[in-house]
Structures are given as structure tokens and as C-alpha cells.
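Q: sequence and predicted structure, then a few things I'm wondering about:
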Amino acid sequence: MNPQFRHPILPETTHDELARQNFVTSLKKHVFSLSAKNQGVYETRAKPRFEREHQRTPETRYEIQQAMKDEPYYRWVSALRRMGQELMWDSVLSSVERQLPELRERAKGVNQPLGSLTLNPDLLIPTYQQAVDIHCMPGSYHSDLSADDVAAGALYDRGVYLYVRGMLGPLNDDMGRSAVQNFLKREYPDFHPGHILDMGCTVGHSTLPYVEGYPEAVVHGIDIGASLLRYAHARAEALGKRVHFSQQNAEKTNFADESFDLVVSHILLHEIPVPALRNVLRESYRLLKPGGMMVHIEAPLYCHMDSYRAFAFDWETVNNNEPFWGAFRDLDLKAEAIKAGFEPDQVLETFAPNGAWLQAQGNGTPKSQEFGGRGTWFMLVAWK
């Protein structure tokens, strides 16, 4: 695994903290390889048993889940995966807590900022975000422990890097970078958005590539988490990128109608329930100028997979505190975009190659299958 880029806001690790994080990363990689053997268990044990009982093969991921849930190997590997996830966050949390006062001071030390940070202490955090620690991240994305807290941001920045084992690049920015370089620039070279909004931007991993790709644009990033946004602002400034961050719910923002040429999100839609997703699509439509473009980027939907692969991918819903993961991947997103106001002939679902950060280094593309990917990102695209 290549090292994460050491920007000034990133938590430092002691020798022992780094050793623990490296161990967890190796453990998760090993457990992932064990998970691949679940298909053999299914083909040789669970599927024949189901066929004997029902006189047919399992047809859906739910039936495969029912057939596999009591298999000892599946249960053992699932327990290991869950333990690895919790250990990962533990290994980062102890490092963040040790240096949190210093991180707060670093974040407050932004002088002559390029961008801005606007927080709203009265923002109502949706109950669906408060009900569960998404992806087992302690405190989830919205926690804010003090007026200058950056813990959630620091935890997320380092935790995501370990979770994906560096496959999003040294700055965790492959989704945004690939969207700009491998989709927008390739497919729409004459599209030059003047105002860009990144919904659910967290710490700005995927926001900053838009600043690089469209240096003349005014770029905004919104999220519900104040701690995430303080960290995002400090991180962007440390990296010399101008972004205007504000604490807002993407379901209903305070921007005026037709404020943006490009509205984007990166793995936001699967973190919210279906009613909220519909609000986000309607808000995207409201915020776009005529001729503007919406691009929501995700891992593939279940309609892009066979039933076994969908079952394997749905492990996140069942075991990893991703309550909206499965319901989102069952949706007809093109139909949802049309309901939100987009014309049917202006909506498409497409894929774009991932790995733009590797391409920039001349090292090809990662072909990870771990996130349901096929060397691509899934994109819901619509023009207004």
C-alpha cells in the first residue's frame, strides 16, 4: 500500500500506532481473500441444500442470504470482517484522540484563507444519520464534540485510507479525480462549469479535483457534519485549494434557484434513505441552471450484478452498519431522476474508468473488485 499524502492536518502516527494500523490493514486484506471462498461454500453446500428443499435454484440475493446465513464458514468470515472493521476504526481513533488538541490548533491556524467555512449550529441533523454509526465509524459523520472539534474529520480522512487500502490514491480523491478526468473532460470537453456544488462532501476528498479541473470555477462543498467541515476547510487550505464549505443538508439547501452549472456527489446516495434521496435529486434539479449537469457517483447497483454477487455485496447492509446500502442499490435511479424533474432523454446511467490518480502517474488503473467495481465508477448523470 502506497503511503497517504502527509498534508499538515492529517494525524501523525507513532511507531506503534502505525504498526497497529498496518496490522489491521493486512488483516482486512487477508479476510477479504477468505471472503472470496464463500462462493465455493454456496455452490457446494448451500445451493444444493436449497435446491433439495425448494426444487429450484435460489433466485434472489435474499434467498442466497437465507441459504448461507447458517453456514459456519460464512458466519466465521463475517465475524472476522466485522471485527476487522471495528479494529480499523479503533486503531485510528486512539491516534486522533492522542493529538486532538494539536489538530484543533492546526485547523484554527488558517491565515488569509483562499476559501471559506460557514457553519450552522442550528442545523437539524437528520435522525436517520443519528440512529447508527455509519460503516461502524465511531460517532458517525455528524458528531461535533466542541466549538473547534475536528475529530470526525481526522478519523474519516485516515480511516477511509485504511479501509480502501490506499486504492483511492494518496489523497483519497479518485472518485472526484476520475469523474473530472475520465468522464467530464473526456465526454464533455466543451463543458466549463462556472459554479460547482459537491453535496455530502465530508472532508473534501473528491471536492478538490474539481478545483484542479476547473480552476476558474467557484467550488462549494456542503455536509451536515461541522467537525468534518472544519477539517475539510483546513485541509483544502493546506493543499492550496479554494473551496467554500458550508454546513447544510443536501435535501434542502439555502442556495438560490439555478445557482450551479454542475452539481455532484460521491457515494452520498447510498448513505441516505430513499425519501431523502428523492429530496436530494429534486434539490439538484432546483439548483441547476438551464443546461447544467448533475453527476452522482457510486459503486454499481444490484441490477448490474448477478444474484450471488449482489448477495456478497449486500454484506454491507446486513453486517456493516450500512442500513440504506441495499435499498439504494435496488432503485431505478433513472426513473427517480425523471420524477425529480429531469426530462427522460436528458438522464443516463453510465460508467467511467476509475484510477485517474494512477493514470496521472503512468501506472495504469486499479482493477479492484472489492467494492463491486469493475475498474469503473457508476454515474447517474442528468442535464437540466
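A: Thanks, I have the structure now.
Q: contacts and neighbour counts: CA atoms only from here.
A: OK.
Q: residues contacting the longest strand seen in the chain, please?
A: Across the chain, the longest stretch assigned as strand under DSSP state E is strand 288-298. Contact partners of strand 288-298, identified using CA atoms under 8 Å, 6 or more residues apart in numbering, comprise 175, 179, 193, 257-270, 284-285, 377-384.
Q: buried ones only from the residues you listed, please, as a PyMOL command.
A: Only the buried entries of the contacts of strand 288-298 go into this PyMOL selection, using 16 or more other CA atoms under 10 Å:
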select buried, resi 175+179+193+259+260+261+262+263+264+265+266+268+269+270+284+285+377+378+379+380+381+382+383+384
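Q: helices and strands of this protein: which one bottoms out on pLDDT?
A: Taking mean pLDDT, DSSP states H and E as the measure, the chain has helix 356-360 as its least confident helix or strand, at a mean of 81.
Q: need the mean per-residue confidence for stretch 259-266.
A: The pLDDT scores in stretch 259-266 average 98.
Q: same thing with stretch 332-351?
A: 97.
Q: and the residue minimising distance to the centre of the chain, what does it touch?
A: The structure's the chain has its C-alpha centroid closest to Ile267; by CA atoms, centre = their mean the separation is 3.7 Å. By CA under 8 Å, 6+ apart, the contact set of Ile267 is 296-299.
Q: pick the one among the residues you listed closest to Lys37.
A: Comparing the contacts of Ile267 against Lys37 with CA to CA places Ala299 closest, at 22.2 Å.
Q: downstream neighbour of the lengthiest helix in the chain in the secondary structure list?
A: Determined from DSSP state H, the single longest helix within the chain is helix 72-98. Per DSSP states H and E, the first helix or strand lying C-terminal to helix 72-98 is helix 100-108.
Q: mind listing what's buried in that following helix?
A: So for helix 100-108, counting by 16+ other CA under 10 Å, buried means 100, 103-104, 106-108.
Q: then stretch 11-23?
A: 11-13, 20-23.
Q: likewise for stretch 188-203?
A: Buried residues in stretch 188-203, counted by 16+ other CA under 10 Å: 192-193, 195-203.
Q: these in strands, which ones?
A: Those of the buried residues of stretch 188-203 lying in strands (DSSP E): 195-199.
Q: that older thread, CSV for the buried residues of stretch 188-203, including distance to Gly169?
A: Output for those, formatted as CSV (distance: CA to CA, whole Å):
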residue, distance to Gly169
His192, 25
Pro193, 25
His195, 26
Ile196, 23
Leu197, 22
Asp198, 19
Met199, 21
Gly200, 20
Cys201, 17
Thr202, 17
Val203, 15
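Q: closest to Pro58 out of the buried residues of helix 100-108?
A: Of all these, Leu100 has the smallest distance to Pro58: 50.2 Å, by CA to CA.
Q: who's in contact with the residue nearest to that closest one when sequence neighbours are not counted?
A: Nearest residue to Leu100, sequence neighbours excluded (CA to CA, 6 or more residues apart in numbering): Ala151, at 6.8 Å. Residues near Ala151 by CA under 8 Å, 6+ apart: 96-97, 100, 144, 227-228.
Q: any chance you could map the strands in the chain?
A: Secondary structure of the chain by DSSP E: the strands cover 116-118, 195-199, 218-223, 244-247, 260-266, 288-298, 347-353, 376-383.
Q: contacting residues around the fourth one?
A: The contact list for strand 244-247, computed with CA under 8 Å, 6+ apart, reads 115-120, 123, 219-226, 229, 232-233.
Q: can you rerun that using 7 Å?
A: Taking contacts as CA atoms under 7 Å, 6 or more residues apart in numbering, the residues outside strand 244-247 that touch it are 115-120, 219-226, 229, 233.
Q: please indicate which of these are buried?
A: 115, 117, 119, 219-226, 229, 233.
Q: same list (those residues) but as TSV, adding distance to Glu51 and pLDDT.
A: As requested, the buried ones among the contacts of strand 244-247 are arranged in TSV below (distance: CA to CA, whole Å; pLDDT from 0 to 100):
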residue	distance to Glu51	pLDDT
Gly115	60	97
Leu117	58	97
Leu119	56	97
Val219	55	98
His220	54	98
Gly221	51	98
Ile222	50	98
Asp223	47	98
Ile224	47	97
Gly225	48	97
Ala226	52	97
Leu229	52	98
His233	56	97
